[in-house]
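>>> missing the sequence, but the structure's below:
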């Protein structure tokens, strides 16, 4: 028996067992059994809904692509990850090192791997043991060293030692670390290298005394770092607000801790970059934002158009701005009123329509129209929007663009019938995307998935599930829920 036949027989056994246990649907089993194709099997190995036992067995597949995908899956059981961490293929080990479910003892071994590609994700992992991070912080590979030093779990004593390193690049990394001991940061605040002092100045963990000294540094880059530091004391921000260097005032204007009064004054600064920074700040007072919305500089209007705190009446005005980039900013704003988004959905500029298509607040009827847009990029954005109407997603599965169909295949809201159709297509990457979508392994419901008359209760359940999976942020979920409830 050749290796291919042996692999297919093994896959047949794995999925037959899963089917017999009612862990995978019949139609999925039938599709996989048509030759046990590697692209679909790889997708299933990457699928977070893959049954645990099935995933553990796929982690031992003869094909390295399948093992690579199993190693990426956060649902992969610890015992399977331990095997994958010792795999002969370096990419499998690399993927295992970056998996948040990998046991710490395996991370310790991978931290000493001969391949720097493996050590890099190990150095980034928040689960990496402190003693392993201490070794990685002195690694010959500069990226491994940087990732280990920046890891919140890096031991303070290792950071304190490295703060005295002769290499200024290493000292810069230490100066940026949020775990750097206060006494080490205080010493680095007087470093001869201005870029080390810049790193200390921007570190939220920098002691107040060190920040006060850096506030008066002769180098404006250092003062800019202090001005942008969210831990900067109000008194220091008030003084830096009057700094002669515009970039320093720009840092103050963008600081989330900047007092409202200072923001109002900086919103009227003579320097356009300072005003742009104030326009970006979500804590900028409403009256200051309203003034910035009428600024002569289109860049200022662009940034204020993107600000989620901008009052709706200002958004309505900016939606008719002569500059398409400003209208694009409005189109991407999650606080943009649905009526404004509907009008922007037919804007002559494709960039504006593209932003509307990505907006979590976009009304379903606007998304449905944009699904038929002549521009491929617009349709791609619609296809990737988790709030896209089911009927539009069904139609987009037959789109002429490969990118559009690929986004439909990855969309967590895609109807199951559409996912299965894409999984049976001719393009291997799309088949993989469809098989890795949790919908692929879901069991068919008693009602048709593309029922257009879904009740608002069902829609709220769908939104809640998307929010739980992290597909929608808290803000996007709140906006979408309000739209469904009509509030």
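Yes, it's here. These numbers come from a predicted model, not from an experiment. Numbering: from 1, shown residues only.

>>> Tell me how many other residues crowd residue 189.
24 (other CB atoms under 10 Å). Where C-beta positions appear, they are placed from N, C-alpha and C, glycine not excepted.

>>> Can you check the pLDDT for it?
Reported pLDDT at residue 189 in the predicted model: 97.

>>> Centre of the chain to the longest helix along the chain, how far?
When the chain is parsed with DSSP state H, its longest helix is helix 3-20. Mean-position distance between helix 3-20 and its chain equals 36 Å (CA atoms, centre = their mean, to the nearest Å).

>>> Report the buried residues of that helix.
By 16 or more other CB atoms under 10 Å, the buried positions in helix 3-20 come out as 7, 8, 10, 11, 14, 15, 18, 19.

>>> For that helix, name the packing helices and strands.
helix 26-32, helix 52-58 (3 or more CB pairs under 8 Å, 6 or more residues apart in numbering; DSSP states H and E).

>>> of all these, which lies closest to residue 263?
helix 52-58 (50.7 Å; CB to CB).

>>> So what's the residue count around residue 156?
Residue 156, neighbours per other CB under 10 Å, totals 15.

>>> quick one: contacts for it?
Residues near residue 156 by CB atoms under 8 Å, 6 or more residues apart in numbering: 179, 180, 181.

>>> Most neighbours out of these, which is it?
That'd be residue 180 among the contacts of residue 156, by other CB under 10 Å, with 25 neighbours.

>>> Can you tell me the closest non-neighbouring residue to that one?
Distances taken as CB to CB, 6 or more residues apart in numbering put residue 159 closest to residue 180, at 4.9 Å, once the chain neighbours are dropped.

>>> And the one you found, what's its pLDDT?
96.

>>> cool, residue 471 as well?
Residue 471 is assigned a pLDDT of 68 by the prediction.

>>> for the one 10 residues further on, same thing?
The confidence metric pLDDT takes the value 64 at residue 481.

>>> what do you get for residue 393?
Value for residue 393, per-residue pLDDT: 96.

>>> which element is it on?
helix 390-396 (DSSP states H and E).

>>> elements contacting that helix?
Helix 390-396 packs on helix 364-370, helix 376-384, helix 402-410, helix 416-423, going by 3+ CB pairs under 8 Å, 6+ apart.

>>> Please repeat the previous calculation with a cut-off of 7 Å.
helix 376-384, helix 402-410 (3 or more CB pairs under 7 Å, 6 or more residues apart in numbering; DSSP states H and E).

>>> Looking at the ones you listed, which is nearest to residue 103?
The nearest among the helices and strands packed on helix 390-396, by CB to CB, is helix 402-410 at 29.4 Å.

>>> Just the residues contacting that closest one, thanks.
The contact list for helix 402-410, computed with CB atoms under 7 Å, 6 or more residues apart in numbering, reads 376, 379-380, 383-384, 393, 396-397, 399, 414, 418-419, 422, 427, 429-430, 433-434, 437.

>>> For PyMOL, what selects the buried ones among these?
Buried residues within those, by 16+ other CB under 10 Å, are selected in PyMOL with:
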select buried, resi 379+380+383+384+393+396+397+399+414+418+419+422+430+433+434+437
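
>>> Neighbours of residue 187, how many?
Residue 187 has 17 nearby residues by other CB under 10 Å.

>>> what's the helix or strand for it?
helix 182-188.

>>> by contact count, what packs against that helix?
Against helix 182-188 (3+ CB pairs under 7 Å, 6+ apart) you get helix 168-176, helix 194-201, helix 208-215.

>>> Can you give me the buried ones in the longest one?
Burial within helix 168-176, assessed by neighbour count using 16+ other CB under 10 Å, is assigned to 170, 171, 172, 173, 174, 175, 176.

>>> In JSON lines, list those along with pLDDT.
Shown next, in JSON lines, are the buried residues of helix 168-176 (pLDDT from 0 to 100):
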{"residue": "170", "pLDDT": "96"}
{"residue": "171", "pLDDT": "97"}
{"residue": "172", "pLDDT": "97"}
{"residue": "173", "pLDDT": "97"}
{"residue": "174", "pLDDT": "98"}
{"residue": "175", "pLDDT": "98"}
{"residue": "176", "pLDDT": "96"}
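
>>> what's the closest of these to residue 222?
Nearest member of these to residue 222, counting by CB to CB, is residue 175, at 11.3 Å.

>>> which residue sits closest to that closest one, ignoring its sequence neighbours?
Nearest one to residue 175, counting by CB to CB, 6+ apart, is residue 199 at 3.6 Å.

>>> before we move on, the earlier item: do me a favour and average the pLDDT over the longest helix of the chain.
On average, helix 3-20 scores 93.

>>> and the one helix or strand residue 316 maps to, how far from the chain's centre?
Here residue 316 is covered by helix 312-318, with elements defined by DSSP H and E. Centroid separation for helix 312-318 versus its chain: 28 Å, with CA atoms, centre = their mean.

>>> Just list what it packs against, helices and strands only.
Packed next to helix 312-318, using 3+ CB pairs under 7 Å, 6+ apart, are helix 324-332.

>>> what comes up buried for whichever helix or strand comes after the helix it packs on?
Heading C-terminal from helix 324-332, the first helix or strand you meet, by DSSP H and E, is helix 338-344. By neighbour count on 16+ other CB under 10 Å, the buried set for helix 338-344 is 338, 340, 341, 343, 344.

>>> Wait, residue 71 touches residue 97, no?
No - with contacts counted by CB atoms under 7 Å, residue 71 stays clear of residue 97, the gap being 8.7 Å.

>>> picking up where we left off before, which residues does the helix holding residue 316 contact?
Contacts of helix 312-318 (CB under 7 Å, 6+ apart): 289, 290, 293, 301, 305, 326, 330, 333, 336, 337, 340.

>>> now with 6 Å?
Contact with helix 312-318 is made by 290, 293, 305, 326, 330, 336, 337, 340, as judged by CB atoms under 6 Å, 6 or more residues apart in numbering.

>>> Return the set of buried residues in that helix.
Neighbour-count burial for helix 312-318 [16+ other CB under 10 Å]: 314, 315, 318.

>>> ditto for stretch 135-149
Buried residues in stretch 135-149 (16+ other CB under 10 Å): 135, 136, 137, 139, 144, 145, 146, 147, 148, 149.

>>> And the pLDDT at the closest residue to the third one other than its chain neighbours?
For residue 137, the nearest residue in space outside its immediate sequence neighbours is residue 148; the separation is 4.3 Å by CB to CB, 6+ apart. Residue-level confidence at residue 148 comes out at 97, pLDDT.

>>> which residues touch residue 148?
123, 133, 136, 137, 154.

>>> Just those residues: which are in helices?
Counting by DSSP H, the contacts of residue 148 contribute 123, 133, 136 to helices.
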